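**Student:** I need the structure of the sequence given here:
(chains A and B, ligands or ions: 2)
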Amino acid sequence: MSLRIVVCVKYVPDATGDRRFADDLTLDREDVDGLLSELDEYAVEQALQIADGADDAEITVVTVGPEDAKDALRKALSMGADRAVHVEDDDLHGSDVMGTSLVLAKAVEKTGYDLVICGMASTDGVMGVLPALLAERLGVPQVTLLSEVAVAGGVVTGRRDGDTASEQVEASLPAVVSVTDQSGEARYPSFKGIMAAKKKPVESLDLDDLGLDADEVGLAGAWTAVDSATERPARTAGTIVKDEGEGGRQLAEFLVGQKFI
Amino acid sequence: MAEVLVLVDHVDGAVRKPTLELLTLARRIGDPVAVALGAGAGATAGVLGEHGAVRVLTADAPEFAEYLVVPKVDALQAAFEAVSPVAVLVVSSAEGKEVAARLALRVGSGVITDATDVEAGEQGPVATQAAFAASYTTRSRVSRGVPVITVKPNSAPVEPAAAAGAVESLSVSFGAAATGTKVTSRTPRESTGRPELTEAAIVVSGGRGVNGAENFPLIEALADSLGAAVGASRAAVDAGWYPHTSQVGQTGKSVSPQLYIASGISGAIQHRAGMQTSKTIVAINKDAEAPIFELVDYGVVGDLFAVVPQLTEEINTRKG
Ligand SMILES: Cc1cc2nc3c(=O)[nH]c(=O)nc-3n(C[C@H](O)[C@H](O)[C@H](O)COP(=O)(O)OP(=O)(O)OC[C@H]3O[C@@H](n4cnc5c(N)ncnc54)[C@H](O)[C@@H]3O)c2cc1C
Ligand SMILES: Cc1cc2nc3c(=O)[nH]c(=O)nc-3n(C[C@H](O)[C@H](O)[C@H](O)COP(=O)(O)OP(=O)(O)OC[C@H]3O[C@@H](n4cnc5c(N)ncnc54)[C@H](O)[C@@H]3O)c2cc1C
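**Tutor:** Ligands and ions are numbered 1, 2, ... in the order given. As a prediction, the model looks like this:
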């Protein structure tokens, strides 16, 4: 029987570029370069490796995001995923994590899955809770923050490195997994992969297709509200000295002045 | 007065500092009621009472250790239903965030993660967050349900405040999902004897410029002279020079100490994401153009192999 893997991928503003808030205090996506969240590349990579080890597997990548988010899907397809689902609807604008997880849960259910794989966190919101929420909504085990993952005989196992201990965990499929950037370098798309991606199916879904109402998602349906977003004042220029043999002592002097010593 | 639930982060009864910080924040909103789960839960009451917990609800069961996350959600939900709090505060650890989010969904509330401050506001608690590698500061609220907020370590002072700290046992019935993810083995992390990275008042970090595991003792010696924790950049960690658990940054630990000293670290955006909220930032780097210098309160342009040992020696001499 075929193993159905769904990978959640997010389209995010490039962290090395300009990132800002729009007037309605949502993420400004106009004129901001976006890309597949780098941490989701690790999720795609693990999906590809798990599929390689399975008799028969299909990988679907799913994103919730605006028109441009197709770029994230294309990248994942060019890495080797089989098909893509794009959930796009004007009413999704400004969704918080509760809204996003609701939409993703519906999309994943509609797609059909044995295993859902996410990144450990997005590089914009960086909440790191969406995979746990998805598991809660789908009513399946969460096997999150894995730095090693394997699937065999309908069971997913992995290593979760926590604050105070490193744990070996396991759950039966279906399950939601998230993987860290320690899980293994993500492959670069090959030229062949990039060409093949152009022919792979990308299905578009809107809220109607998922049986959701506009007021359950977006700014209107958000359970959180942002009151203000202010750019942090640039740090006042610090003192910078060139070491000419006394740099360490000068620094010690500064630390004494600041009462750290 | 209104009660505020605080989920206790403890190891076998030893309460970790970020929980005591939560109690300081909780008192701004109401009377803190602490929820301590797992082995040693009862032993937490003393210190929690000294820091303002009016009640301590405890529960222990093998499920807390043997299965991932969900048993704690079940227990926190039981506490939520027993107390009817006006807010729930949880430490922003990986596990804390997951527990908080799942609880929020179950009780129909919004969730805010990684707050750096929480204050009482007219429409309920207002949380401060740092966005986009701390280049923005936002103020947010939960607009539906009872606010569930996770707070980063070092966001508030620890303030003693005597309260009853009365221990009550919490009755929890685990749902079917609780045993979904089994923990088949656990290897506790070895203690270095140094402060915990996320809780430390001072963090001394080394990067690619340290140029080898054999040189990290230089960074450790500086850290020890200041009673600091040791951190590392991803480049240093990926090279195997220092354990991954010491990585500071977007995919490592997020730190917010009083003083952060970066040696041989360029200051890439992903590193900055994890340390930019530090109160005082110091860098030692031989490249005057390194982006880390845009952040510093004090920077030394120089070779860390000369500057760091001199600094360490000077500190040790001054301490006598
Ligand atoms: C600076 C900032 C702060 C925010 N703070 C809050 C807050 O406190 N509370 C709140 O409710 N909302 C908040 N949001 C909104 C929230 O981040 C988004 O709704 C988001 O899509 C879900 O959170 P995340 O991306 O942070 O998820 P994470 O939990 O960090 O993402 C983990 C993984 O989930 C998957 N995933 C996440 N989003 C999508 C998507 N759209 N499509 C496909 N897969 C996805 C990816 O695999 C990703 O790697 C914030 C947004 C920003 C930009
Ligand atoms: C998705 C993603 C997540 C990431 N997460 C993290 C993260 O959590 N944490 C993190 O740190 N990085 C992270 N990174 C990596 C990050 O982009 C940088 O590559 C990394 O921070 C660089 O580490 P570095 O500053 O030690 O090395 P480099 O950038 O190579 O800098 C080394 C510095 O040392 C200086 N130097 C060299 N020799 C000396 C000397 N003798 N004396 C003084 N100075 C010297 C050099 O001038 C240089 O500035 C992430 C990247 C990605 C893509």
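**Student:** which residues in the stretch 101-250 of chain B form helices?
**Tutor:** Under the criterion DSSP state H, counting those that start in this stretch, helices of the stretch 101-250 of chain B are mapped to B:216-226, B:234-238.
**Student:** which one of those lies nearest to ligand 2?
**Tutor:** helix B:234-238 (3.2 Å; C-beta to the nearest ligand atom). Placement of C-beta: from N, CA and C, glycine included.
**Student:** can you list the buried residues in the closest one?
**Tutor:** Across helix B:234-238, burial judged by 16 or more other C-beta atoms under 10 Å in any protein chain shown covers B:234, B:235, B:236, B:237.
**Student:** and stretch A:48-61, by the same measure?
**Tutor:** Across stretch A:48-61, burial judged by 16+ other C-beta under 10 Å covers A:48, A:49, A:50, A:51, A:54, A:57, A:58, A:59, A:60, A:61.
**Student:** I'd say residue A:223 and residue B:143 touch.
**Tutor:** Yes - at 6.2 Å, residue A:223 and residue B:143 qualify as touching, with contact defined as C-beta atoms under 8 Å.
**Student:** for chain B, what lies in contact range of ligand 1?
**Tutor:** B:110, B:111, B:112, B:113, B:131, B:140 (C-beta under 6 Å from any ligand atom).
**Student:** number of residues surrounding the third one?
**Tutor:** Counted by other C-beta atoms under 10 Å in any protein chain shown, the residues lying close to residue B:112 total 29.
**Student:** list the contacts of whatever residue of chain A ends up closest to ligand 2.
**Tutor:** Across chain A, the shortest distance to ligand 2 (C-beta to the nearest ligand atom) belongs to residue A:38, at 3.6 Å. By C-beta atoms under 8 Å, 6 or more residues apart in numbering or on different chains, the contact set of residue A:38 is residue A:123.
**Student:** do the top strand by length along chain B and chain A meet?
**Tutor:** If you go by DSSP state E, chain B has its longest strand at strand B:111-119. Yes - against chain A, strand B:111-119 shows contacts by C-beta under 8 Å from any C-beta of the partner chain at B:111, B:112, B:113, B:114.
**Student:** what's the answer for stretch B:235-242, then?
**Tutor:** No - Stretch B:235-242 does not reach chain A (C-beta under 8 Å from any C-beta); its nearest approach is 9.2 Å.
**Student:** need the contact partners of that stretch.
**Tutor:** Stretch B:235-242 is contacted from outside by B:206-208, B:210, B:212-213, B:215-216, B:230, B:232, B:243-244, B:246-247, B:252, using C-beta under 8 Å, 6+ apart.
**Student:** what's the answer for stretch A:153-172, then?
**Tutor:** A:115, A:141-151, A:173, A:175, A:177, A:180, A:182, B:11, B:68, B:93-95, B:180-189, B:198, B:244-245.
**Student:** ok, now stretch A:223-233?
**Tutor:** Stretch A:223-233 is contacted by residues A:20-21, A:25-26, A:96-99, B:104, B:108-112, B:126, B:130-131, B:134-145 when judged by C-beta under 8 Å, 6+ apart.
**Student:** low-confidence regions, the stretch 1-150 of chain A specifically.
**Tutor:** The stretch 1-150 of chain A contains residues with pLDDT under 70 at A:1.
**Student:** so who does the nearest residue to residue A:207 once chain neighbours are set aside touch?
**Tutor:** In this structure, residue A:207 finds its nearest non-sequential neighbour in residue A:89, 4.7 Å apart by C-beta to C-beta, 6 or more residues apart in numbering or on different chains. Shown in contact with residue A:89 (C-beta under 8 Å, 6+ apart): A:206, A:207, A:214, A:217.
**Student:** show me where the stretch 101-250 of chain A has its strands.
**Tutor:** Read by DSSP state E, counting those that start in this stretch, the stretch 101-250 of chain A holds these strands, from start to end of the chain: A:115-119, A:142-152, A:155-161, A:165-172, A:175-179, A:202-205, A:224-231, A:239-242.
**Student:** please produce JSON lines containing these, extended by distance to ligand 1.
**Tutor:** JSON lines is the format used below for the strands of the stretch 101-250 of chain A (distance: least, C-beta to the nearest ligand atom, whole Å):
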{"stretch": "strand A:115-119", "distance to ligand 1": "3"}
{"stretch": "strand A:142-152", "distance to ligand 1": "9"}
{"stretch": "strand A:155-161", "distance to ligand 1": "15"}
{"stretch": "strand A:165-172", "distance to ligand 1": "18"}
{"stretch": "strand A:175-179", "distance to ligand 1": "6"}
{"stretch": "strand A:202-205", "distance to ligand 1": "12"}
{"stretch": "strand A:224-231", "distance to ligand 1": "4"}
{"stretch": "strand A:239-242", "distance to ligand 1": "30"}
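**Student:** for residue B:99, which of those is the nearest?
**Tutor:** Closest approach to residue B:99 among those is made by strand A:142-152 (10.9 Å; C-beta to C-beta).
**Student:** that closest one packs against which elements?
**Tutor:** Here strand A:142-152 touches helix A:38-53, helix A:130-138, strand A:155-161, strand A:165-172, strand A:175-179, helix B:94-106, going by 3 or more C-beta pairs under 8 Å, 6 or more residues apart in numbering or on different chains; DSSP states H and E.
**Student:** just say which of these is most tucked in.
**Tutor:** strand A:175-179 (a mean of 29; mean count of other C-beta atoms under 10 Å in any protein chain shown).
**Student:** got a list of contacts for that one?
**Tutor:** Applying C-beta under 8 Å, 6+ apart, the contact partners of strand A:175-179 are A:42-43, A:46, A:115-120, A:131-132, A:134-135, A:138, A:140-147, A:149, A:156, A:158, B:180-181.
**Student:** strand partners (parallel or antiparallel) of it?
**Tutor:** Strand A:175-179 pairs in its sheet with strand A:115-119 (parallel), strand A:142-152 (parallel), by DSSP bridges.
**Student:** sorry, back to before: which ones, among the contacts of stretch B:235-242, also lie beside ligand 2?
**Tutor:** B:207, B:208, B:247, B:252.
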